[in-house]
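**Q** Generate coordinates for the sequence data below:
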Amino acid sequence: MIADALTGGFTDAPLQSARAFREILEALARPGTIRQVSGARPPPPLSTAAGVVLLVLADPTTGVHLAGAADRPAVRDWIAFHLGAPLVRAEQADFAVGTWTALHPVTRFRIGRPDYPDRSATLIVECDRLVNHGPALTGPGIETATWLNLPETAAFRANQGLFPLGFDTVFTAGDRLSGLPRTTRVEKI
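**A** The predicted model follows:
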């Protein structure tokens, strides 16, 4: 195990994880809003926000898939030490981390079952930036409409059409994150 894997977790786990959980919850409850988180210093190429999401939501019972550049020894060691989460293939993942391109095709991720729609994957999509500009988002948690710079619209429109099945998405960039649950309608641009 690389010595750097031992650092980068929460220094005050109860307080930091509670605050971070609230920010993640707010981001998913109010799609398109951009929230700021802190407390994690995962190894590159993971962002602070991606590290925070993993620290708060993943554990030894949740499979994590690392896609593309995220699948490197330093990240695997960090996850093993801080989360104890098993690393799994995309088809088995509860959480998947990587850039949008690296996560493709997204149809390989679990979308739940009719009797258990919650048994689906959450994609943690690493982005260069997050801004409220791009396709219009409407649906639960959005008063009228909001906007977010999505990497594309087709996959999210198809995903919303599967409701109540489908994957949920958390976009991360630096120390910022934004949620896009399967219930959100994405307007084509």
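
**Q** show me where pLDDT drops low in the chain?
**A** Applying pLDDT under 70 to the chain flags residues 1-5, 189.

**Q** State the next helix or strand along the chain beyond the lengthiest helix in it.
**A** Across the chain, the longest stretch assigned as helix under DSSP state H is helix 13-29. As assigned by DSSP states H and E, the chain's next helix or strand after helix 13-29 is strand 35-36.

**Q** Relative to that next one, what are the paired strands and their orientations?
**A** Strand pairing for strand 35-36, determined by DSSP bridges: strand 176-180 (antiparallel).

**Q** packing partners for the helix or strand just after the strand it pairs with?
**A** Using DSSP H and E, the next helix or strand after strand 176-180 towards the C-terminus is strand 185-186. Applying 3 or more Cβ pairs under 8 Å, 6 or more residues apart in numbering; DSSP states H and E, one finds that strand 185-186 makes contact with strand 136-138, helix 154-161. For the C-beta atoms, the positions are set from N, CA and C on the backbone; glycine is no exception.

**Q** Report the backbone C-alpha coordinates of the last one in CSV.
**A** Going back to what we said before, that points to helix 154-161. Extracted in CSV, the C-alpha atoms of helix 154-161 (Å, rounded to 0.1, in the frame of the first residue of the first chain):
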residue,chain,number,x,y,z
ALA,A,154,-29.2,12.0,-25.1
ALA,A,155,-28.1,9.6,-22.4
PHE,A,156,-29.8,11.6,-19.6
ARG,A,157,-33.0,11.9,-21.6
ALA,A,158,-33.0,8.1,-22.2
ASN,A,159,-32.2,7.5,-18.5
GLN,A,160,-35.2,9.7,-17.4
GLY,A,161,-37.4,7.8,-19.7
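
**Q** Buried residues of it, list them for me.
**A** Judged by neighbour count using 16 or more other Cβ atoms under 10 Å, the buried positions of helix 154-161 are Ala155, Phe156, Asn159, Gln160.

**Q** how much space between the second one and Gly139?
**A** Translated: Phe156. Note on Phe156: its distance to Gly139, by Cβ to Cβ, to the nearest Å, is 11 Å.

**Q** Backbone dihedrals for the spatially most central residue of the chain, both of them.
**A** Of all residues in the chain, the one closest to the mean position by Cα atoms, centre = their mean is Ile124, 2.3 Å from it. The phi and psi torsions at Ile124 (degrees, to the nearest 10) take the values phi -100, psi 100.

**Q** ditto for the one 4 residues further on
**A** Main-chain dihedrals, Asp128, degrees, to the nearest 10: phi -70, psi -40.
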